[in-house]
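>>> Model the following, please.
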Amino acid sequence: MLQLKNKFPILLFIFLGLLFYSHHAISQNIFKVKTNRKIWEAKDRNDAIYTKTILKSGTNNQKILALKGLQSWQDSSLRKPLLRLVKKGNTAVKIAALEAIGQTRDSCYIPYLLKIVNHKKKQKIKPAALVALGKCITKSKVDKLVTINNTNQYGYAECIYRAMLKGVGHPDLTIKTVNLLLEDDYDNKFYSAWYLARTNFTLSQDKFFIVFDLLKSSRLSSDIAIPLLIALGKNAIGSYSSAKQTIFDQYLSIKDDDLRDESGLNVISVYRANLKEFSFDSSNCKLVRSTSGKSNPAVQLAYSELISKNCNAFEKNPKLTYSPAIVNFLKANECKYNNLKLPVTHTIYDKIWYLQVLENDYNFYPSINTILMQTEEPAIKSAATESLIKCRNSKGFPDNLMSDFNETITLLIKDSDEGALSIIANAILEKQIPIESNYRELFEEAQAKLKLPQEMEAYIDISKVLAMIDKTAYKKPLPEWNHPIDWDYVSKIREDQKIKVTTNQGEFIIQMNVNEAPGSVASILKLVEDGFYNGKYFHRMVPNFVVQGGCPRGDGFGGVNYTIRSEFSSLKYSTGAVGLASSGPDTESCQWFVTHCPTPHLDGRYTIIGNVIKGMETIHKLGVGDKMIKVEIL
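Numbers count the residues shown, from 1 in each chain. Presented below is the predicted three-dimensional model:
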């Protein structure tokens with residue numbers, strides 16, 4: 001007995017050591033392995049030769065990793081290796097190869113994908129083949145999607161959805177998606193709903209009432225209810241008006257936590273569902289009662305976008321606290337709410353919101369111009385530039401101010417502020433500003449002054465304008481590889497690494513996806529360690545979409561002095577997904593966003609660096625002007 005007692009501390013020490021080693025081993029990410037680092041480094045440098053070697057001779061896991069990398073970059077020399085793996089790889093390798101093929105969006109793969117889809121067997125890889133087909137299909141081949149026999153198979157609805165995102169559609173596909181709503185498969189129902197929310201094809205009467213009955217009788221999650229409410233609102237009012245109103249009222253009244261109505265998702269969907277065609281009555285409108293007293297900025301903003309166009313129906317001031325929502329009322333000519341005022345936040349956004357209130361009235365042109373010429377804040381300069389352009393396009397803008405406006409635009413181009421340049425360039429592309437004879441020379445000089453790759457967005461926008469002036473085909477400039485992945489740093493990141501973001505509205509926790517996006521995650525974590533995000537603002541919020549922050553300027557045009565390679569993956573933009581903002585492939589920097597709800601159109605187009613695992617209630621409280629007080633690694 002005495003001997004056992006003497007051995008107990010030793011046994012305990014061994015047990016704790018093994019426990020620590022086991023936990024440490026489990027928490028290591030896949031890039032602790034040297035070969036995995038080499039495979040991803042080849043992806044980062046677009047090294048087709050080494051990638052081809054792995055696809056030919058690597059282990060199955062190595063092939064899958066290389067194929068994951070190919071979701072972010074393409075090389076025509078890899079077509080044959082990809083098709084070879086689809087034919088001869090194991091199931092996991094075949095699926096990974098099909099996902100890489102889909103990301104190429106290359107029509108040359110269509111015949112091969114159709115063979116798989118129409119094959120009597122190959123059930124395990126058909127869903128991946130269908131999704132890839134939807135991404136690669138062309139308008140001339142859209143009938144191939146219509147004639148697919150087994151339309152209720154998993155992957156078919158996403159196939160139709162992905163085709164629609166690239167502008168490929170057919171009325172019969174709309175009919176098929178409505179029918180898929182009645183099937184049990186969740187994914188087909190999900191993608192059918194989001195297809196109907198975005199497609200330009202309208203519903204026939206019988207299909208309209210299928211959607212109507214589904215919304216009325218089923219307990220749908222917000223993931224499906226949101227797009228179906230939008231789909232319902234898009235279709236012709238006519239004799240369906242009262243039916244629509246019944247459904248909208250029903251979803252405005254839902255208080256079930258399972259539908260997450262505390263975040264306002266259903267209410268926002270109703271606002272966004274083309275309700276402007278209905279007649280409002282301030283005495284009995286559920287729309288008004290459902291919003292009264294809500295502090296959610298997304299709900300307030302969506303509410304204001306709609307009601308500010310129907311101000312004549314409401315006599316009392318709306319109860320609003322979110323400044324961008326108040327701006328919508330103050331700038332609307334029909335709204336005469338004398339007591340509605342912008343709260344003071346003591347941030348740069350006070351001046352930006354003030355500019356937005358003025359921009360629709362040409363009488364305030366001198367005031368906007370004065371702010372623009374005097375400010376030294378980059379975010380205010382870009383906002384004042386945008387307001388000046390909108391003011392120039394306001395009704396009744398006098399001809400005698402045109403020369404002054406043109407002179408101001410010339411000065412702004414010469415000044416070469418990246419935000420102002422992007423705004424001016426896009427205004428020209430959208431024909432809000434006519435092209436002057438000296439613009440080509442001015443833009444070339446301004447483009448030469450830009451700091452690359454930091455100011456890549458402005459560089460891209462100017463390139464579009466120069467192509468427009470020259471009447472030549474636009475070829476998108478891509479940033480050169482400029483920021484190698486720090487593999488020593490990556491190898492030390494825990495597989496379940498988390499960061500905590502403390503804001504003025506509360507906290508939320510993000511779990512990082514190092515195995516899917518090692519370069520991106522490492523870059524963001526380094527910025528967190530340096531305290532980069534402390535004090536940064538959330539500069540963008542779109543209801544039922546995203547809240548975005550991390551811009552050093554505070555207006556969305558800022559970045560750090562490097563860009564990182566895109567790291568697209570098969571991960572989905574579900575509720576709470578955290579993605580990196582970009583102005584195109586391989587232009588990611590320091591800005592990131594969090595999704596309010598599923599946003600499947602972003603899948604495979606923006607790097608997903610993590611997911612919010614705690615604190616989504618805080619995400620729904622965040623709006624423009626809210627601040628990251630502290631961001632820290634846990």
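
>>> where in the stretch 1-150 of the chain is pLDDT low?
Confidence mapping of the stretch 1-150 of the chain against pLDDT under 70 gives the ranges 1-26.

>>> what ranges do the helices span in it?
2-27, 34-44, 48-57, 60-69, 79-88, 91-104, 110-117, 126-136, 143-146 (DSSP state H, counting those that start in this stretch).

>>> angle of the third one against helix 60-69?
This means helix 48-57. 140 degrees (axes from the mean of the first three to the mean of the last three Cα atoms, to 10 degrees).

>>> Can you give me the buried ones in stretch 373-388?
375, 377-388 (16 or more other Cβ atoms under 10 Å). For the C-beta atoms, the positions are set from N, CA and C on the backbone; glycine is no exception.

>>> Which other helices and strands does the strand or helix carrying Ser520 contact?
Element membership of Ser520 [criterion: DSSP states H and E] is helix 518-529. Secondary-structure packing of helix 518-529 (3 or more Cβ pairs under 8 Å, 6 or more residues apart in numbering; DSSP states H and E): helix 34-44, helix 487-491, strand 506-512, strand 608-614, strand 628-633.

>>> Check the model's average confidence along it for me.
In this model, helix 518-529 carries a mean pLDDT of 98.

>>> Next, the buried residues of that helix.
Of the residues in helix 518-529, Pro518, Gly519, Ser520, Val521, Ala522, Ser523, Ile524, Leu525, Leu527, Val528 count as buried by neighbour count, 16+ other Cβ under 10 Å.

>>> That one to strand 506-512, inter-axis angle?
Helix 518-529 and strand 506-512 are oriented at 150 degrees to each other (the same axes, to 10 degrees).

>>> which is the next helix or strand following helix 518-529?
Note on helix 518-529: by DSSP H and E, the next helix or strand toward the C-terminus is strand 538-542.

>>> out of the helices of the stretch 1-150 of the chain, nearest to Ala302?
helix 126-136 (30.0 Å; Cβ to Cβ).

>>> now the angle from the closest one to helix 91-104?
Using the same axes, to 10 degrees, helix 126-136 lies at 10 degrees relative to helix 91-104.

>>> just checking, what packs against helix 126-136?
Here helix 126-136 touches helix 91-104, helix 110-117, helix 143-146, helix 156-165, going by 3+ Cβ pairs under 8 Å, 6+ apart.

>>> quick one: contacts of the shortest one?
For helix 143-146, the external contacting residues (Cβ atoms under 8 Å, 6 or more residues apart in numbering) are Ile110, Leu114, Leu133, Gly134, Ile137, Cys159, Ile160, Ala163, His170, Asp172, Leu173, Lys176.

>>> mind redoing it with 7 Å?
Applying Cβ atoms under 7 Å, 6 or more residues apart in numbering, the set of residues contacting helix 143-146 from outside is Leu114, Ile137, Cys159, Ile160, Ala163, His170, Asp172, Leu173.

>>> Going by neighbour count, which of these comes out on top?
Ile160 (30 neighbours; other Cβ atoms under 10 Å).

>>> mind listing what the closest residue to that one other than its chain neighbours touches?
Computed as Cβ to Cβ, 6 or more residues apart in numbering, the closest residue to Ile160 that is not its neighbour in sequence is Leu173, at 4.9 Å. Each residue near Leu173 by Cβ under 7 Å, 6+ apart is listed here: Leu145, Val146, Ile160.

>>> tell me which element Leu173 falls in.
Going by DSSP H and E, Leu173 is part of helix 171-180.

>>> so Leu329 touches Ser304, yeah?
For the record, residue 329 is Phe, not Leu. Yes: if you go by Cβ atoms under 7 Å, Phe329 and Ser304 touch, sitting 6.0 Å apart.

>>> Off-centre distance for stretch 555-572?
Remark: stretch 555-572 is offset 12 Å from the chain centroid, using Cα atoms, centre = their mean, to the nearest Å.

>>> Please apply the same query to stretch 190-208.
For stretch 190-208, the distance to the chain centre is 22 Å (Cα atoms, centre = their mean).

>>> Pull out the buried residues from that stretch.
So, applying 16+ other Cβ under 10 Å, buried residues of stretch 190-208: 190-199, 201, 203, 207-208.

>>> Could you list the residues in contact with it?
Stretch 190-208 is contacted from outside by 157-158, 160-161, 164, 169, 171, 174-175, 177-178, 180-181, 211, 223-224, 227-228, 230-231, 235-236, 240, 600, using Cβ under 7 Å, 6+ apart.

>>> let's see it at 8 Å
157-158, 160-161, 164-165, 169, 171, 173-175, 177-178, 180-181, 211, 223-224, 226-228, 230-232, 234-236, 240, 598, 600-601.

>>> for it, how far is the first residue from the last?
With Cα to Cα, to the nearest Å as the measure, stretch 190-208 spans 17 Å from end to end.

>>> likewise stretch 328-348?
The straight-line separation of the ends of stretch 328-348 (Cα to Cα) is 18 Å.

>>> residue contacts, Tyr573?
By Cβ under 8 Å, 6+ apart, the residues touching Tyr573 are Gly579, Thr595, Pro598, Thr599, Pro600, Leu602, Asp603, Tyr606, Ile608.

>>> Could you identify the most distant pair in the contacts of helix 143-146?
Leu114 and Asp172 (17.2 Å).

>>> While we're on the residue nearest to Thr599 when sequence neighbours are not counted, how confident is the model there?
Leaving out its chain neighbours, the residue that sits closest to Thr599 by Cβ to Cβ, 6+ apart is Tyr573, at 4.5 Å. On the pLDDT scale, Tyr573 is placed at 97.

>>> where's Tyr573, which helix or strand?
Using DSSP H and E, no helix or strand contains Tyr573.

>>> Need the phi and psi values for it.
Main-chain dihedrals, Tyr573, degrees, to the nearest 10: phi -80, psi 80.

>>> how near is it to Pro600?
Computed as Cβ to Cβ, to the nearest Å, the Tyr573 to Pro600 distance reads 6 Å.

>>> Wait, Val490 touches Ala517, no?
No: taking contacts as Cβ atoms under 8 Å, Val490 lies outside contact range of Ala517: 10.4 Å.

>>> Thanks a lot, see you next time.
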